[in-house]
Each structure stands twice: as C-alpha cells, then as structure tokens.
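>>> Build the 3D model from these lines:
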Amino acid sequence: SLAGGAGGGDSQYSAESRSRNVLVLVQRLERDPDRPSVARPSRPVSTLAADVTFRNSAPMELGCEYGERYWSRRAEAGEDGFS
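Okay, here's the model as predicted:
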C-alpha cells in the first residue's frame, strides 16, 4: 500500500499525491566536468509543488511525493512505509 493508505497503481497514487502532498522532489543539475555542455542530476531537492500559504503557528508535517515505484519497492522488501 502507498503512504496515506492509497493504493491501486500510478493513476490513483498521482491523484492522492496531488491532494495530500505539498512537496515534490526534483533533481538538482550540475554541469558534467568532462562535458561542460551537459547537465547531469546530482541529488534530489525538496521544493513546493504549488503556491501555498501556511497560516498555522503549530509545527506540522509536510508530505512529499516519492512515486508509485518507490512504494512498490518498499512493499516488495516487506517494509510498510510508515516506520
């Protein structure tokens, strides 16, 4: 199962993710030192998925989209995704 109890494949994961998560992972790009005209991914960076305004003063958890493949592999490895 997916985080937040979603299940049912890519389309359901995408719909649940859009409605529940504020963050997405994007790849930071760096210039390839051997080929300066080529940008290559170096590491993931968290960024906001949309314009948001936080009005609460209490700390809160922000959800992040990892993708169906991430959760499927965790399930195959016997991990529940919530530990």
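>>> those helices in this structure, which residues are they?
10-20, 68-76 (DSSP state H).
>>> I'd like these laid out as a markdown table, including distance to residue 58, mean neighbour count and mean pLDDT.
Using the backbone N, CA and C atoms, a C-beta is placed for each residue, glycine as well. As requested, those are exported to a markdown table (distance: least, C-beta to C-beta, whole Å; neighbours: other C-beta atoms under 10 Å; pLDDT from 0 to 100):
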| stretch | distance to residue 58 | mean neighbour count | mean pLDDT |
| --- | --- | --- | --- |
| helix 10-20 | 19 | 14 | 78 |
| helix 68-76 | 28 | 14 | 78 |
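>>> and of those, who's closest to residue 33?
helix 68-76 (29.5 Å; C-beta to C-beta).
>>> looking just at contacts, which helices and strands does that closest one meet?
In terms of contacts (3 or more C-beta pairs under 8 Å, 6 or more residues apart in numbering; DSSP states H and E), helix 68-76 is packed against helix 10-20.
>>> ok, back up a step: can the helices of the chain go into TSV with extra columns for distance to residue 48?
Below are the helices of the chain laid out as TSV (distance: least, C-beta to C-beta, whole Å):
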stretch	distance to residue 48
helix 10-20	13
helix 68-76	20
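>>> Residue 43 is nearest to which of these?
Using C-beta to C-beta as the measure, helix 68-76 is the one of the helices of the chain that comes nearest residue 43, at 15.9 Å.
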